[in-house]
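Peer 1: just a sequence and a predicted model for now, questions to come.
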Amino acid sequence: LFDVSFGDVFLRCVNLPTPNKRATNYTILSTESAPTKRMWKLFKDLRLIGGLARRSSTVSHTNPTLCRSLSSTAQSNSEPFLSYEKDPAPAFLRDDVQQLLKSITRLELDKVFRKRSVKDNTVEYRFMTDEQLRRELLHSIEQAQQMLQMPPVVQEQQDSCRVISKDGALKSLSTSKFVFTDITYGLKNSQRSIVVRHPDGTLQEAPYEMRKRLNQIYFPLTGRSIHQPPMFEDEHLQRLLEEGKYEFVLDRACVQFEPYEKDYHHITAKVYQHINESRSFDALRSTRHFGPFVFFLAWHRLIDDLLLDMIKQDYLRNGIELIVLYSTLHGMPIDEGVKQIALQTQMPSLFDAAEKSVDELKQDEQYLSIIEQFVNGQATKKVQLNLAVQAYREMAAEKLRLAQGIRRMHGES
């Protein structure tokens, strides 16, 4: 079926079926009948009202309804943001990059399965055998990994409205645009044909904002609004960021926008930069957004603060993985042994051990040497990172001496 829209008013017109493959119907409008003339008069009146509303948009700050009816692209152009200068999808979708990002995300079951609807969660206790507990843990890990599936990082889509034809005979037929929408059932929104007939007779593909709005009207997606929610306006977005509601903003952005939209790139970049500046890395760690966040920092060479946080929190292996990711994205040479360490598959650490073993402490010293080499060669905040490495090394040396002493007391070599 084809529907026709006049401005912001939509009308299902009388259709004549034709025996084509996709059962597309064509619309015939008669300008001679009295009902049609009344319809045209109604549309002209509505268009006049719409014009008055647009002219009053200079004071739209007093009317939030009018603000939401405007396109969101003007807002996103108000300030520059870090964007991908080339398509990041090939690098993001590489198997080794995905493995590094998943490991850096850190799977924490308590955080993944937390209840968000209420503050006080009801805890459920069960009596299980060791085998039942093992199976339950494996099932929880598998389910958590599905919940941590990362949103894709792709290039921003450029809006190209191809001109299909120019029919001068239709010029001045109407002062409004006609929008034709193919509402055939079963098509993907990206495959759906939506075209616009301009008053000058030009038939053109609909711009993306119009396509998205019409698709949402005819085939609504749960949770998505036809117009951009006010929470993404600069004033409200900044307040949410200052309150630390990063995951809420990113979850809502994934529902409202497609990953190739400019608004999605603008909002996520703003959230990522705020997290990096405030060093609130734990707010996203062990969530589905931490991988794209780390990819964003590594792509734009902003990993110093994150690496410093990993050293302070004793996530040295994640620090090695971050260095390998950084080197992979920027084509820098890296030792094959270091790469094998980072890409080695490990079982998620669900329970923190009380103390590290002697072997783990020796492994940490190897990690520190790799991090120190990277800091001296590539980091911009060398002083802070070197101080953190030195402090960790002294603490690890003390723990190693203590662990070795305990082993000797127990008669172990």
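Peer 2: Done, it's in. These numbers come from a predicted model, not from an experiment.
Peer 1: so for stretch 131-149, what gets flagged as buried?
Peer 2: 141, 144, 148 (16 or more other CB atoms under 10 Å). Every C-beta, even on glycine, is put in place using the N, C-alpha and C of the backbone.
Peer 1: what's the answer for stretch 294-305, then?
Peer 2: Neighbour-count burial for stretch 294-305 flags 294-300, 302-305 (criterion: 16+ other CB under 10 Å).
Peer 1: could I get the average pLDDT for stretch 320-330?
Peer 2: Stretch 320-330 comes out with an average pLDDT of 94.
Peer 1: and what of stretch 130-145?
Peer 2: Here the average pLDDT along stretch 130-145 is 89.
Peer 1: distance from it to the middle of the chain?
Peer 2: Taking CA atoms, centre = their mean, to the nearest Å, one finds the center of stretch 130-145 at 28 Å from the center of the full chain.
Peer 1: for it, output the C-alpha coordinates as PDB.
Peer 2: The C-alpha trace of stretch 130-145 is given here as PDB (Å, rounded to 0.1, in the frame of the first residue of the first chain):
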ATOM      1  CA  ASP A 130      28.600 -28.800  44.100                       C
ATOM      2  CA  GLU A 131      27.600 -30.100  40.700                       C
ATOM      3  CA  GLN A 132      24.400 -28.000  40.600                       C
ATOM      4  CA  LEU A 133      26.400 -24.900  41.700                       C
ATOM      5  CA  ARG A 134      28.900 -25.500  38.900                       C
ATOM      6  CA  ARG A 135      26.100 -25.900  36.300                       C
ATOM      7  CA  GLU A 136      24.400 -22.800  37.600                       C
ATOM      8  CA  LEU A 137      27.600 -20.700  37.400                       C
ATOM      9  CA  LEU A 138      28.200 -21.800  33.800                       C
ATOM     10  CA  HIS A 139      24.700 -20.900  32.900                       C
ATOM     11  CA  SER A 140      25.000 -17.500  34.500                       C
ATOM     12  CA  ILE A 141      28.300 -16.800  32.700                       C
ATOM     13  CA  GLU A 142      26.700 -17.700  29.400                       C
ATOM     14  CA  GLN A 143      23.700 -15.600  30.000                       C
ATOM     15  CA  ALA A 144      25.800 -12.700  31.200                       C
ATOM     16  CA  GLN A 145      28.000 -12.800  28.100                       C
END
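Peer 1: output the helix or strand hosting Ile164 in PDB with nothing but the alpha carbons.
Peer 2: Element membership for Ile164 (DSSP states H and E) is strand 163-166. Only the C-alpha atoms of strand 163-166 are listed here, as PDB (Å, rounded to 0.1, in the frame of the first residue of the first chain):
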ATOM      1  CA  VAL A 163      16.500  12.700  -7.400                       C
ATOM      2  CA  ILE A 164      14.400  10.200  -9.200                       C
ATOM      3  CA  SER A 165      12.700  12.400 -11.800                       C
ATOM      4  CA  LYS A 166      11.700  16.000 -12.500                       C
END
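Peer 1: if you count contacts, what does that strand end up packed against?
Peer 2: strand 202-205 (3 or more CB pairs under 8 Å, 6 or more residues apart in numbering; DSSP states H and E).
Peer 1: again, 10 Å this time
Peer 2: Helices and strands touching strand 163-166, by 3 or more CB pairs under 10 Å, 6 or more residues apart in numbering; DSSP states H and E, are strand 194-197, strand 202-205.
Peer 1: most tightly surrounded among these?
Peer 2: strand 194-197 (a mean of 20; mean count of other CB atoms under 10 Å).
Peer 1: just checking the distance from that one to the centre of its chain.
Peer 2: 30 Å.
Peer 1: which neighbours does it have in its sheet, and in what orientation?
Peer 2: Strands adjacent to strand 194-197 in the sheet, as given by DSSP bridges, are strand 178-182 (antiparallel), strand 202-205 (antiparallel).
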